[in-house]
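Colleague: below are the sequence and a predicted model for it; my questions follow.
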Amino acid sequence: MTKKQRLELTWIGKEIRPKLEPRILLEDAEKSYHAAHRVSENDIFDNRLIFGDNLLALKALEQEFTGKVKCIFIDPPYNTGSAFEHYDDGVEHSIWLSLMRDRLEIIRNLLSEDGSLWITIDDNEAHYLKVMCDEIFGRANFVANVVWQKRTSPDNRLRLGDAHDNILVYFKNKEIGKLAINQLPINETRISDFKNLDNDPRGPWASTDFTGMTGHATPAQFYTIKSPSGKYFPPPPGRCWAISEEKFQELLSDNRVWFGKNGDSRPRLKRFLNEMKGQNSWTWWTNSEVGHNQEAKKEMVSLFGADNLFDTPKPERLLKRIIELATNPGDLVLDSFAGSGTTGAVAHKMGRRWIMIELGEHCHTHIIPRLKKVIDGEDKGGITETFNWKGGGGFRYYRLAPSLLEKDKWGNWVINKEYNPAMLAEALCKLEGFTYAPSDTFYWQHGYSTERDFIYVTTQNLSHEQLSKLSDEVGQERTLLILCSAFRGKVDIFPNLTIKKIPKHILSRCEWGHDDYSLDIKNLPKAPPEIEKPSPQKPQQQHIQQSLF
């Protein structure tokens, strides 16, 4: 009997995974920005803008935010070939998939149990990405492939031009997540469907069919209905009534059944506008509903002028739709490919907390100026009017700390000289899985993993006497991990202490000194050299070359 195997996507280098360093984040107060005063009691100030490689930044967020993010939206590079012009088709797809896989695995960890991921992508990689996401999130947690009509007219250069992008939607846990998806507000088109043809005091209503499939029907759903005009209506062929006769009679007596203007039409149920809390979404999003590329560019022009545009922005209405469906006010939204900052700007106006990550210099030339306008109430475009946005709140700007270890002039790994004692303690707490929380009472408590397990980081060379004193202060009811440059004496006589040398203790943990895992062409591996095809006149040589593979 063969072993049961899971369906999966394979590619060149799939088994290669980076050993990411969990960096700490350093706030730059000069780039952080807050409103001068609170505009409303719901203002949110502790949003985060992180400058740095998004894979390292996601890793940096993992300890604090695992299971806490309600909605993650990403608009990754579409891999249209421009970044991979020197690679053959198989290699370019493999590199792109590996880079996406590494990010999506951390993204899944960050999502709350009722959280959802929304990925915009075009047809170039959408179907490969779908299969890979099935593997990471579980095929059962796939929600939908939303089709967004991004254009307003056909591309005249092409006989069959694309008009849409895909938005792949996944839940962390579909059974929980499906209960957290919101309805949309009732739009004007839907409202126009409601009339009051019989002057019902409850107001406008729309009639709906109430037949159902017969597969799971009960005998109580098969009966004949008599209309006011005396006409009889059995269920349509192959159908049944969706409710029992007893329930139907209750609705009939409450004037919730419509037989047409003359009382002789097939019965339909009345649904009143004032009883509707919202309307469901579907997977076809027209540009009239959620915006299009030209609308997004116009938003950029209004913010930055025609000479300082961002290449591929998304319209604010598109992000509004996603955040509206996936979150409630106060929930946390993450975008790790921030681009021009649309996600944070929209989330801010909608009263959601947000985290954005961006490596490009447009983090400073576009995102920060844009967010300042939002906070100051100077951004009049996008969804501002819809939410009556007046400004307020703020964000904190962070950059990734440099690698904890660097090589000295002799090629030895040493603690990076840019690290001060506090940074070193925080970095090693994160690396060891401790919560960084320096104590005001005990100098040796830099962090904790439990109420009784602590960590102490020092660059000292600890003597036997110092260790003995530490052991006494820690006591027998607590334990302490000590990370130091060196120590002297027998350590096994202190059962409440675990003592490790740095950097030796952490050398094998991570890829030290690796600062950029981005899709920038300069960071990608070189394409393999082309191998000359064997001559058909030399069969032996052909056999030897084939055996190399």
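Modeller: Yep, that arrived.

Colleague: give me the distance between R48 and R353.
Modeller: Here R48 is placed at a distance of 9 Å from R353 (C-beta to C-beta, to the nearest Å). For every residue, glycine as well, the C-beta is placed using N, CA and C.

Colleague: do E41 as well
Modeller: Counting by C-beta to C-beta, the gap from E41 to R353 is 15 Å.

Colleague: between these two, point out the one with more neighbours.
Modeller: R353 (23 against 5; other C-beta atoms under 10 Å).

Colleague: state the phi and psi torsions of the more buried one.
Modeller: Backbone torsions for R353, taken as degrees, to the nearest 10, come to phi -80, psi 150.

Colleague: check contacts around the closest residue to it other than its chain neighbours.
Modeller: Leaving aside its chain neighbours, R353 sits nearest to L332 (4.7 Å; criterion: C-beta to C-beta, 6 or more residues apart in numbering). For L332, the contact set (C-beta atoms under 8 Å, 6 or more residues apart in numbering) comprises F65, K68, V69, K70, C71, R352, R353, W354, I355.

Colleague: for the stretch 51-200 of the chain, what spans make up the helices?
Modeller: Along the stretch 51-200 of the chain, the stretches classed as helices by DSSP state H, counting those that start in this stretch are 54-65, 89-110, 126-137, 174-177, 188-191.

Colleague: select, out of these, the one closest to L309.
Modeller: helix 54-65 (22.2 Å; C-beta to C-beta).

Colleague: in terms of secondary structure, what does that closest one contact?
Modeller: Helix 54-65 sits against strand 47-51, helix 89-110, strand 332-335, strand 353-358, strand 394-400, with contacts defined as 3 or more C-beta pairs under 8 Å, 6 or more residues apart in numbering; DSSP states H and E.

Colleague: how many neighbours does A126 have?
Modeller: 17.

Colleague: I figured it hits N166, correct?
Modeller: Yes: assessed by C-beta atoms under 8 Å, A126 is found in contact with N166 at 4.5 Å.

Colleague: common neighbours of these two, please.
Modeller: N145.

Colleague: if we can go back for a sec, by neighbours, which of the contacts of L332 wins?
Modeller: Busiest of the contacts of L332 [other C-beta under 10 Å] is W354, holding 29 neighbours.

Colleague: name the nearest residue to it, ignoring sequence neighbours.
Modeller: Using C-beta to C-beta, 6+ apart, the closest residue to W354 is A347 (4.1 Å).

Colleague: what is the helix or strand hosting that neighbour packed up against?
Modeller: If you go by DSSP states H and E, A347 is part of helix 342-349. Secondary-structure packing of helix 342-349 (3+ C-beta pairs under 8 Å, 6+ apart): strand 47-51, helix 316-326, strand 332-335, strand 353-358, helix 368-376.

Colleague: okay, now the nearest residue to F487 once chain neighbours are set aside: neighbour count?
Modeller: Nearest non-adjacent residue to F487, counting by C-beta to C-beta, 6+ apart: L462, 4.3 Å away. By other C-beta under 10 Å, the residues close to L462 number 20.

Colleague: next up, the contacts around L462.
Modeller: L470, I482, C484, A486, F487, R488, I499.

Colleague: check contacts around the first one.
Modeller: Residues touching L470, when contacts are defined by C-beta under 8 Å, 6+ apart, comprise W444, Y456, L462, L480, I482, F494, L497.

Colleague: mean confidence score for the helix or strand that contains it?
Modeller: Assigned by DSSP H and E, L470 falls within helix 464-474. Average pLDDT, helix 464-474: 96.

Colleague: re earlier: intersection of neighbour lists for R48 and R353?
Modeller: By C-beta under 8 Å, 6+ apart, no residue touches both R48 and R353.

Colleague: for whatever helix or strand comes next after the helix holding L470, which outside residues touch it?
Modeller: For helix 464-474, the following helix or strand on the C-terminal side (DSSP H and E) is strand 479-484. Strand 479-484 has contacts (C-beta under 8 Å, 6+ apart) with 428, 432, 434, 444, 452-462, 467, 470, 474, 496-502, 505.

Colleague: just the buried positions in stretch 34-49, please.
Modeller: H34, A35, D43, I44, F45, N47, R48, L49 (16 or more other C-beta atoms under 10 Å).

Colleague: tilt between the helix holding A347 and strand 47-51?
Modeller: Per axes from the mean of the first three to the mean of the last three C-alpha atoms, to 10 degrees, the angle that helix 342-349 makes with strand 47-51 is 160 degrees.

Colleague: distance from the chain centre to helix 342-349, please.
Modeller: On the basis of C-alpha atoms, centre = their mean, to the nearest Å, helix 342-349 sits 14 Å off its chain's mean C-alpha point.

Colleague: ok, now stretch 362-372?
Modeller: With C-alpha atoms, centre = their mean, you get 21 Å for stretch 362-372.

Colleague: what average pLDDT does it get?
Modeller: 95.

Colleague: on that earlier part again, just send the helices and strands packed on helix 342-349 back as CSV, with distance to G260 too.
Modeller: Shown next, in CSV, are the helices and strands packed on helix 342-349 (distance: least, C-beta to C-beta, whole Å):
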stretch, distance to G260
strand 47-51, 55
helix 316-326, 36
strand 332-335, 47
strand 353-358, 51
helix 368-376, 52
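
Colleague: out of these, the one nearest S403 is which?
Modeller: strand 47-51 (16.0 Å).

Colleague: which other helices and strands contact that closest one?
Modeller: helix 54-65, helix 342-349, strand 353-358, strand 394-400.

Colleague: one more time with 6 Å, if that's ok
Modeller: strand 353-358, strand 394-400 (3 or more C-beta pairs under 6 Å, 6 or more residues apart in numbering; DSSP states H and E).

Colleague: which among those strands is found nearest to A326?
Modeller: strand 353-358 (12.7 Å).

Colleague: right, I'll call it a day here.
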